[in-house]
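Novice: I would like the atomic coordinates for the input below:
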Amino acid sequence: MPNAAERPRRVTVDREGPLLVEGPVEVVGEDGTSFVSHRFTVAICTCRRSRTYPWCDTSHRRRVKPGDGEPHPTTEGKPSS
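Specialist: Down below sits the predicted model:
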């Protein structure tokens with residue numbers, strides 16, 4: 001528990017990305033595993049695609065949502081049949 005003189009931690013929420021938390025932070029996983037970062041700002045993954053979960057590795061940027069108008073990466077540049 002932080003002492004009364006310390007200001008609250010700032011958490012920035014981005015619908016399309018991770019939670020940004022002013023550090024240092026300790027994240028406790030569902031299984032009780034503790035992850036600690038002493039960085040001044042920490043990006044916490046909310047999409048669960050990160051290879052470094054619970055830390056964000058920007059994996060959320062690689063996936064295109066259906067219907068956003070951009071071509072699918074596997075069909076880009078291929079002639080239509």
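
Novice: where in this structure is pLDDT low?
Specialist: 1-5, 63-81 (pLDDT under 70).

Novice: for it, what spans make up the strands?
Specialist: 11-12, 19-22, 25-28, 34-37, 41-44 (DSSP state E).

Novice: what does the fourth one contact?
Specialist: Read that as strand 34-37. G23, P24, V25, E26, V27, V28, G29, P54, W55 (CB atoms under 8 Å, 6 or more residues apart in numbering). (Glycine included, C-beta is placed from N, CA and C.)

Novice: so what sits opposite E22 in the bridge?
Specialist: Counting by DSSP bridges, E22 forms beta bridges with T41.

Novice: neighbours of it, how many?
Specialist: Neighbour count for E22, taken as other CB atoms under 10 Å: 15.

Novice: against H60, how distant is H38?
Specialist: According to CB to CB, to the nearest Å, H38 stands 24 Å off from H60.

Novice: give me the more crowded residue out of those two.
Specialist: Neighbours per residue (other CB under 10 Å) separate H38 from H60, with H60 holding more: 17 against 9.

Novice: so that one sits right up against E16, yeah?
Specialist: Yes. The pair H60 and E16 qualifies as a contact (CB atoms under 8 Å) at a distance of 7.0 Å.
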